[in-house]
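This is a predicted model, with the sequence first.
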Amino acid sequence: LAALCGLTGIASPGFTCLPDTDLEGKVAAADEALESHGFVSLHIKAPDILAHDCDPEGKRDLIERIDAALGPLLARDDIALGVTADHTTNSQTGRHTGDPVPALLRAPGGRRDRVTTFGEQDCIVGGLGRLRAHAYFRCLADAAGLMPAFSRPEGPGAWPYQP
């Protein structure tokens, strides 16, 4: 996918889509790539795999491992950082759902809200509210300084909400 988009892909035999993926290695590679790239996307597929396998405990345990592995990136105060998912998958049925996903956006000098825990119930009351994916990525790109400043267009169907 990276090559298709004209981006640099970073691969290692330990970087898989499975629960045994090298999370610490992926985070270290992302951290290193930030030294020479203006944008880095770190993709972790395994929680979705576990949900499709109807393994909620495995998914929970993996998400806890992800939380711990993200420490080096979360410790940096010089980068814009976004953490979210591309969709939800119900761990009881193994099927994708249309439920909203939690989203975190942190940037140097950015606003802070009162949310202190990352999860569906916590993030829905946060300062980002409920954004469509394209709006979230626009906010992230803006926070990272990757696009000119923008203002919210007015009128029906205007970003970020559409009736």
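Sure thing, it's come through.

Surely T84 is in contact with R106?
No. Between T84 and R106 there is no contact under C-beta atoms under 8 Å: 11.9 Å. C-beta: built from backbone N, CA, C; applies to glycine.

which stretches of this protein aren't confidently modelled?
For the chain, applying pLDDT under 70 flags the ranges 148-163.

which element follows the top helix by length along it toward the C-terminus?
If you go by DSSP state H, the chain has its longest helix at helix 56-69. Per DSSP states H and E, the first helix or strand lying C-terminal to helix 56-69 is helix 71-75.

Could you export that next one as CSV, CA atoms only?
Taking C-alpha atoms only, helix 71-75 is exported to CSV below (Å, rounded to 0.1, in the frame of the first residue of the first chain):
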residue,chain,number,x,y,z
GLY,A,71,5.4,4.6,25.1
PRO,A,72,8.3,6.0,23.1
LEU,A,73,6.1,7.8,20.7
LEU,A,74,3.8,9.1,23.4
ALA,A,75,6.8,10.4,25.3
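
What helices and strands are in contact with the helix or strand following that helix?
Going down the chain from helix 71-75, the next helix or strand is strand 81-83, by DSSP H and E. With contacts defined as 3 or more C-beta pairs under 8 Å, 6 or more residues apart in numbering; DSSP states H and E, strand 81-83 has these neighbours: strand 104-106, helix 133-143.
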